[in-house]
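Asks: give me a model of this one.
(2 chains, ligands or ions: 3)
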Amino acid sequence: MTWKQVFTSSVGKKLVMGFTGIFLILFLIVHVGLNACIWAGDNGEMFNKAAHFMGATVVPRVLEIGLFAGFFLHIIQGYMLAAQNKAKRPVGYAVNYGNRGSKWYSRSMGILGSLILLFLIMHVYHFWTPSRLGGIGNVHELAAVEYNGREYHNLFLEMKMVFESPVVVILYIVACISLAYHLAHGFQSAFRTIGVHNKRYNMMLTALGNGFAIIVPLAFAMMPVSFYLGWV
Amino acid sequence: MEHYTMNLNLKVWRQKNNSSKGAFKLYRVENISSEMSFLEMFDVLNEQLIHDGEEPIAFDHDCREGICGTCSMYINGKPHGPWQANTTCQLHMRAFKDGDTIVVEPWRAGAFPVIKDLMVDRSAFDRIIQAGGYISVNTGNAVDGNALPIAKDKADESFAAAMCIGCGACVAACKNSSAMLFLSAKVSHLALLPQGEPERKSRVMNMVAQMDKEGFGSCTNTGACEATCPKEISLTHIARLNKEYIFAGVTEK
Ligand code: HEM
Ligand code: SF4
Ligand code: FES
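Replies: Ligands and ions are numbered 1, 2, ... in the order given. As a prediction, the model looks like this:
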């Protein structure tokens, strides 16, 4: 049994989903923590400095590559799995099995993930490209701001401008709801997938996952709302 | 509960053989006793069909007491019907009311091809068992029962896993047609016991490989299988199987 076989079997493919899923969950923690700096009440100074650190320091930049790889693997593997699993029942039922024992969102991970993917494309276009590739081609450069004689990108101002549009704000909220449901199943499922089978741990992870799935997407959703309503 | 009789409309999947197309057919049965089992109701219907010169409906059954795992009907959208922790043969007609229409389909999965009507070929499960769901021992005198100490909770959990009767309802209920509840019950049953230890790693690797070859899907932990299983096999066994698989996968040559 080679390692390639281990990670390409039906169980192995799920291991890839589970590990990349947990990696993305870790990323969300960092992301939501950093972005929460917008509420520091200093007109974005702390946030802009934090964003500068992430963009200008080598360790986060290396991790960023890992992040892109993680997303890529998770998305490709997710779609392949969803397609393969669907193909295992060539003739379907006349009456559907329904909700006994399973939640609708646990059966809709592909659709929820696709909504997140659409959001990600918009999100990268809104913030990542101008911040990392600003000035290249026709990507506009971010405005600059000066703190203690040093220049920083004013990402805070960029957020303010992007979230002036109510349509964008609504799209961001929809994405956060999709993420919440994706995590409500994904969080605990990922730990089962990587082999956590202690009943007490599974119970704790389910509770933790439900909390995470509510708090983190809610915090993300409050960001565009806060800008739109002028709270920051 | 009071005894009563009922008249029912049945919508049953009829399919001549594996290569024919198949379709639903409507039947009416009358004066069905609430004390009958679901399969006895089918016996009545089949008598009626034979009497009318029609081909009786083919369905699987053997023990009719909920222990062999042969019966398999997908009744109104539920494998083994509306009751929890129950097999089709142990489903009684008191689960239904006079005038009900009941839709009966075979298990649906690419790995369980229809043989005829409501019968499907579940030999894929046999081949998964043959790939490692056993222990190799030299038979001789029976060993003293106390020679191998086994913790009570381990023994209980192993026994709960060993309850699986291999009916395939888990596959029928799963949106991914995954056989993981079945497989994990078989792997857990032996992984929890010292007798299973020597072949622990090769067992899980070989059984997963065979499951994939048979064309079952990947588990996404939805929980539909656990809820439909007549023996209430726990989803926890799937997580244990995953752990067994990782350890075997990264440490086996
Ligand atoms: C921040 C973003 C995301 C996070 C934190 C995340 C997290 C997770 C987690 C933890 C799982 C469970 C893994 C398991 O059951 O073992 C999962 C499953 C899944 N994810 Fe994501 N995900 C994210 C984005 C996406 C995106 C963008 C897509 C895709 C298009 C996607 C598609 C899927 C699919 C299809 C599954 C189910 C896999 C299966 O059915 O086996 N996810 N995700
Ligand atoms: S796990 Fe339950 S549903 Fe699946 S084959 Fe065994 S007894 Fe049947
Ligand atoms: S006929 Fe044996 S379990 Fe139903």
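Asks: now for A:Asn48: which residues touch it?
Replies: A:145, A:147, A:152-156 (Cβ atoms under 8 Å, 6 or more residues apart in numbering or on different chains). Any C-beta I mention is one placed from the backbone N, CA and C, and that applies to glycine too.
Asks: what comes up buried for stretch A:14-30?
Replies: The neighbour-count check on stretch A:14-30 (16 or more other Cβ atoms under 10 Å in any protein chain shown) flags A:14-25, A:27-28 as buried.
Asks: convert it to CSV, retaining C-alpha atoms only.
Replies: Provided in CSV are the C-alpha atoms of stretch A:14-30 (Å, rounded to 0.1, in the frame of the first residue of the first chain):
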residue,chain,number,x,y,z
LYS,A,14,-12.1,12.5,2.8
LEU,A,15,-8.9,12.9,4.8
VAL,A,16,-7.7,15.5,2.3
MET,A,17,-11.1,17.3,2.7
GLY,A,18,-10.9,17.1,6.5
PHE,A,19,-7.3,18.3,6.8
THR,A,20,-7.7,21.1,4.4
GLY,A,21,-11.1,22.0,6.0
ILE,A,22,-9.4,22.3,9.4
PHE,A,23,-6.6,24.3,7.9
LEU,A,24,-9.2,26.7,6.4
ILE,A,25,-10.9,27.0,9.8
LEU,A,26,-7.5,28.0,11.3
PHE,A,27,-7.2,30.6,8.6
LEU,A,28,-10.7,32.0,9.5
ILE,A,29,-9.6,32.5,13.1
VAL,A,30,-6.6,34.6,12.0
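Asks: quick one: the helices in the chain?
Replies: No chain specified, so I'll use chain A. A:3-8, A:10-35, A:45-56, A:58-87, A:109-123, A:129-133, A:155-162, A:166-193, A:199-228 (DSSP state H).
Asks: sorry, I should have been clearer: chain B.
Replies: Going by DSSP H, chain B shows helices at B:38-51, B:123-130, B:152-162, B:169-173, B:180-191, B:200-214, B:224-228, B:236-251.
Asks: tell me the pLDDT at the residue of chain A most remote from its centre?
Replies: Most distant residue from the mean C-alpha position of chain A: A:Ala94, 36.2 Å away (Cα atoms, centre = their mean). The per-residue pLDDT reported for A:Ala94 equals 97.
Asks: using CSV, list the CA coordinates for stretch A:103-115.
Replies: Extracted in CSV, the C-alpha atoms of stretch A:103-115 (Å, rounded to 0.1, in the frame of the first residue of the first chain):
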residue,chain,number,x,y,z
LYS,A,103,-29.6,17.9,8.3
TRP,A,104,-30.2,19.5,5.0
TYR,A,105,-27.0,21.4,5.2
SER,A,106,-24.9,18.3,5.7
ARG,A,107,-26.3,17.1,2.4
SER,A,108,-25.7,20.4,0.7
MET,A,109,-22.0,20.9,1.3
GLY,A,110,-21.2,21.2,-2.4
ILE,A,111,-23.9,24.0,-3.0
LEU,A,112,-22.9,25.8,0.2
GLY,A,113,-19.2,25.5,-0.9
SER,A,114,-20.0,26.8,-4.4
LEU,A,115,-21.7,29.9,-2.9
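Asks: of the buried residues of stretch A:14-30, which is the nearest to ligand 2?
Replies: A:Lys14 (18.3 Å; Cβ to the nearest ligand atom).
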